[in-house]
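Novice: fold the following and give me the result.
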Amino acid sequence: TLEGALRLVRGRPFFGIDPTTYIWAESDAQEMISSIVDIAHELCSPLALMEMALGVLEQRAAVEQQEQVNDVREEVRHMSTLVNELLSFSKAGLRAKDLELRAVPLSGLCGRVILREAQGKADIAVNVDAALNVLADPDLLARAIGNVLRNAIRYAGDAGPIAITATVRGAEVLLAITDS
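Specialist: All right, here's what the predicted structure looks like:
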């Protein structure tokens, strides 16, 4: 079960071992962590909807049904706890000390993410200056952009164009992904 797996793995895998020992597995470890984050985030929305629906059901259910409603509520809370543990696990794997910030060409990164995520499924307009670089961990930034873009494609891809824009404001860059 998921609980059993979580009991086996606490913190970052291979924590405390010389990082060069398993350097060959770092990209696989990051990919696994990224998958865990994506799955956990995907589970958050349906869990929140179930909690809201349970609130409505609780108000409308007959007295003799309240025990069953409470049982379902406990299961939903339990699933929420497991999802939060997954998110905590993934955050433990992405500590600030592990980040390598460097200049990342934002336009090129957005282009690569679009190729990977959109695969011709959506009309995506990019308004990012080709010369714009941001200080970031390129893998984490690509994951974040990919997550938001995937959601936009999934939930609004057929409704019209999706726009990716970057605006420079002083020393900061505001990256927006908008849909219809």
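
Novice: which strands and helices sit next to the helix or strand hosting L49?
Specialist: If you go by DSSP states H and E, L49 is part of helix 26-60. Judged by 3 or more Cβ pairs under 8 Å, 6 or more residues apart in numbering; DSSP states H and E, the packing partners of helix 26-60 are helix 66-92, helix 138-156. (Each C-beta comes from the backbone N, C-alpha and C, glycine too.)

Novice: now tabulate those helices in JSON lines and tack on mean pLDDT.
Specialist: Formatted as JSON lines, the helices and strands packed on helix 26-60 follow (pLDDT from 0 to 100):
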{"stretch": "helix 66-92", "mean pLDDT": "79"}
{"stretch": "helix 138-156", "mean pLDDT": "83"}
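
Novice: most tightly surrounded among the ones you listed?
Specialist: Ranked by mean neighbour count, the helices and strands packed on helix 26-60 are led by helix 138-156 with a mean of 18 (mean count of other Cβ atoms under 10 Å).

Novice: how about the CA coordinates for it, as PDB?
Specialist: The C-alpha trace of helix 138-156 is given here as PDB (Å, rounded to 0.1, in the frame of the first residue of the first chain):
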ATOM      1  CA  PRO A 138      16.500  24.900 -15.000                       C
ATOM      2  CA  ASP A 139      14.900  21.500 -14.100                       C
ATOM      3  CA  LEU A 140      12.700  22.900 -11.400                       C
ATOM      4  CA  LEU A 141      11.600  25.800 -13.500                       C
ATOM      5  CA  ALA A 142      10.800  23.500 -16.400                       C
ATOM      6  CA  ARG A 143       8.800  21.300 -14.100                       C
ATOM      7  CA  ALA A 144       6.900  24.300 -12.700                       C
ATOM      8  CA  ILE A 145       6.100  25.600 -16.100                       C
ATOM      9  CA  GLY A 146       5.200  22.200 -17.400                       C
ATOM     10  CA  ASN A 147       2.800  21.600 -14.500                       C
ATOM     11  CA  VAL A 148       0.900  24.800 -15.100                       C
ATOM     12  CA  LEU A 149       0.900  24.300 -18.900                       C
ATOM     13  CA  ARG A 150      -0.300  20.800 -18.500                       C
ATOM     14  CA  ASN A 151      -3.300  22.000 -16.500                       C
ATOM     15  CA  ALA A 152      -4.000  24.800 -18.900                       C
ATOM     16  CA  ILE A 153      -4.000  22.300 -21.800                       C
ATOM     17  CA  ARG A 154      -6.100  19.700 -19.900                       C
ATOM     18  CA  TYR A 155      -8.800  22.100 -18.700                       C
ATOM     19  CA  ALA A 156      -8.800  24.900 -21.300                       C
END
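
Novice: so which elements touch that helix?
Specialist: With contacts defined as 3+ Cβ pairs under 8 Å, 6+ apart, the packing partners of helix 138-156 are helix 26-60, strand 102-105, helix 106-118, strand 162-169, strand 172-178.
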